[in-house]
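Engineer: give me a 3D structure for the following:
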Amino acid sequence: MSRTTTTPIVSQRRVIAFARAGAALRLSLAAAPLALALAGCATPQPPTAQNAPAPQESAPQRSSAAVIEEVQSLWQDPEFQKAFLGTYGINAAIEPRLSPEEITFLEKLRPHMERDLPKAQAMLESQIKASKSPSAMLYMTLGNVHFQQDNMEAAEKCFNAAVEKHPSFRRAWRNLGLIHVRAGRYNEAIRAFTKMIELGGGDGPSYGLLGFAYASKEDYQAAETAYRNALLLQPDETEWRLGLTRCVFKQNKYEDAANLLATLIERFPDKTEFWMLQAHTFLGMKQPLNAAASLESVYRMGKATPDTMYSLGDIYVSENMPDAAVRSFTRAVELDAAQSPTRPLQSAEVLAARGWLAQSRELVAAVRRNLEPKMESAERRRLLKLEARLSMADGNAGEDAVRALEEIVKLDPLDGEALMLLGQYYASQQKPDQAIFWYERAGGIDSFEATAKLRHAQVLVGMRRFADALPLLRRVQELKPRDDVARYLEQVDRASRVK
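Structural biologist: You can find the predicted model right below:
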């Protein structure tokens, strides 16, 4: 990968690509030094459409072209090639020596490994079968051939045989770790990479993939240590810096995360994920306006989603900035006409509850303008009730709102909220008998009984029917005792006795 021109893939998929990349290589032993060839090492070549690995089902779906481009950029990194293709010679202290017979056999094998991997596989299998005590190097080479052909199960068996025969075979442990990461077997991957590191094979990619394995197990402290070692050896590797950032964030080390993200954003200012993670980091640091600035940057980049803008609006609500909040919520609505109206209606209700009626009406208008055509009946009723509440809050409830509420009640006689709104409307219009009618209906619904009976009692008090209001108020206190209702009950009781 080019660290100056290639935009990194910043999700887990690229880390997993480290474990998949070996399946896209071609052995080129002719161009490699003899010592490397005899060690069963490979020289990487750019993968083709024919040998590029298919993404796992659990990974995000990508086109084959994207996979090829990703693997190509990965294998252009000379450090990765060196660490994971074994471009170091045989270390006699930790790797098996070659017998003269094995050297002769591998020389004969070399042309077939360049042009015909199935033939090379057959020759290796025959040699191992004929040998009384096959060398760990033969198993290692056969494992590499299987690896090249994306036969991971067979490759794993060969690498296991290699380390069983020669427990300090560092490159075999490395390849086992690679296979286990790809398969999602993180405990086994940790064991393999740890063994490789114990044998002196600690390099940036090894530590990085070890960190990825620990992070996948949600062992963020161990993952942090591994990622820090990886960054020490590969300070320009974006994946390890991002992995470390996620680990410290998960441990609530927000200042560390903020410092790491500042570097990532400076390098890649167009990466939405970095800005989003920075926003969450600022929220963890109790700096909501800095978080809002990060989310605003995402919007200016043209990469905001409705969720991004709803989160931004929520920040502005918490900071008592109604105009900024409704602007963000409205943008969220306009970004996706196919979204569910549940979230924007909830935001409009929050604005109304805070007394920001003009902003709530503005958002309701945006919802009706953009989302109404695809609303379900329940969502339409919710919108109508919200509009009615806003009208009543201004004292401007019109006949259209009332008719809409009455239609809602016809469709759903147990819609307590609509019943309460009708009672509230007729009470405001000095029509107590009609208000009582709707409050009585709402009082028959358990979840609305206390509120409906309180409003009913208030209407009766306004009519100076104190004695009739007393049983209702006593019932309210039985259901939901409140000090203010208790005081009101005492006042009504005294007024009743005086009358």
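Engineer: count the residues that sit near Glu273.
Structural biologist: Residues near Glu273, counting by other Cβ atoms under 10 Å, number 14. The C-beta positions use only the backbone N, C-alpha and C, and glycine is treated the same way.
Engineer: which pLDDT does the model give it?
Structural biologist: Predicted confidence (pLDDT) at Glu273: the value is 93.
Engineer: now whichever strand or helix holds it, how far from the centre of its chain.
Structural biologist: Secondary structure assigned from DSSP states H and E places Glu273 in helix 272-284. Going by Cα atoms, centre = their mean, to the nearest Å, the spacing between the C-alpha centre of helix 272-284 and its chain's C-alpha centre is 12 Å.
Engineer: helices or strands next to it in the packing?
Structural biologist: For helix 272-284, the packing partners by 3 or more Cβ pairs under 8 Å, 6 or more residues apart in numbering; DSSP states H and E come out as helix 238-250, helix 254-267, helix 288-300, helix 306-318.
Engineer: just those helices: most buried one?
Structural biologist: helix 238-250 (a mean of 23; mean count of other Cβ atoms under 10 Å).
Engineer: what's it in contact with?
Structural biologist: 3, 8, 10, 14-15, 204, 207-208, 211-212, 215, 218, 220-221, 223-224, 227-228, 230-231, 234, 256-257, 260-261, 263-264, 267-268, 274, 277, 280-281, 284 (Cβ atoms under 8 Å, 6 or more residues apart in numbering).
Engineer: type out the ChimeraX command that picks the buried ones from the residues you listed.
Structural biologist: What follows is the ChimeraX syntax selecting those of those that are buried according to 16 or more other Cβ atoms under 10 Å:
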select :8,10,14,15,204,207,208,211,212,215,220,223,224,227,230,231,234,256,257,260,261,264,267,274,277,280,281,284
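Engineer: where does the prediction get shaky in this structure?
Structural biologist: Counting by pLDDT under 70, the chain contains low-confidence residues at 1-94, 394-398, 400, 499.
Engineer: now Met420. Nearest residue, chain neighbours left out?
Structural biologist: Spatial nearest neighbour of Met420, chain neighbours left out: Ala442 (5.0 Å); criterion: Cβ to Cβ, 6 or more residues apart in numbering.
Engineer: does the one you found belong to a helix, a strand or coil?
Structural biologist: The three-state assignment at Ala442 reads helix, by DSSP: H, G, I helix; E, B strand; the rest coil.
Engineer: burial measure for it, as a count.
Structural biologist: 26.
Engineer: what's the neighbour count on Met495?
Structural biologist: Let me fix one detail, which is that residue 495 is Ala and not Met. When counting by other Cβ under 10 Å, one arrives at 15 neighbours for Ala495.
Engineer: grab the nearest non-local neighbour of it.
Structural biologist: Leaving aside its sequence neighbours, Ala495 sits nearest to Phe466 (Cβ to Cβ, 6+ apart; 4.7 Å).
Engineer: residues contacting that neighbour?
Structural biologist: Contacts of Phe466 by Cβ under 8 Å, 6+ apart are 460, 492-493, 495-496, 499.
Engineer: wait, doesn't Lys165 sit right on Met140?
Structural biologist: No: under the contact definition of Cβ atoms under 8 Å, Lys165 does not touch Met140, with a separation of 9.5 Å.
Engineer: neighbour count: those two, which is higher?
Structural biologist: Met140 (26 against 18).
Engineer: buried residues, the helix or strand harbouring that one. List them.
Structural biologist: In this structure, Met140 sits in helix 136-148 according to DSSP H and E. For helix 136-148, the neighbour count (16+ other Cβ under 10 Å) marks 136-148 as buried.
Engineer: looking at those, spot the one nearest Trp173.
Structural biologist: Minimum separation from Trp173 among the buried residues of helix 136-148 (Cβ to Cβ) is found for Met140, which lies at 10.7 Å.
Engineer: tell me the spacing between the closest one and Arg455.
Structural biologist: Distance of Met140 to Arg455, given as Cβ to Cβ, to the nearest Å: 82 Å.
Engineer: return stretch 295-313 as PDB; C-alpha atoms alone will do.
Structural biologist: The C-alpha atoms that make up stretch 295-313 are tabulated as PDB, following Å, rounded to 0.1, in the frame of the first residue of the first chain:
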ATOM      1  CA  LEU A 295     -20.300  16.400  12.800                       C
ATOM      2  CA  GLU A 296     -20.800  19.700  11.000                       C
ATOM      3  CA  SER A 297     -17.500  18.900   9.100                       C
ATOM      4  CA  VAL A 298     -19.000  15.600   8.000                       C
ATOM      5  CA  TYR A 299     -22.100  17.400   6.700                       C
ATOM      6  CA  ARG A 300     -19.900  20.000   4.800                       C
ATOM      7  CA  MET A 301     -18.100  17.100   3.200                       C
ATOM      8  CA  GLY A 302     -21.400  15.900   1.800                       C
ATOM      9  CA  LYS A 303     -21.100  12.500   3.700                       C
ATOM     10  CA  ALA A 304     -23.600  13.000   6.500                       C
ATOM     11  CA  THR A 305     -26.400  10.400   7.000                       C
ATOM     12  CA  PRO A 306     -29.700  11.100   8.700                       C
ATOM     13  CA  ASP A 307     -28.300   9.500  11.900                       C
ATOM     14  CA  THR A 308     -25.400  11.900  11.800                       C
ATOM     15  CA  MET A 309     -27.700  14.900  11.600                       C
ATOM     16  CA  TYR A 310     -30.100  13.600  14.300                       C
ATOM     17  CA  SER A 311     -27.100  13.200  16.600                       C
ATOM     18  CA  LEU A 312     -26.000  16.700  15.800                       C
ATOM     19  CA  GLY A 313     -29.500  18.000  16.500                       C
END
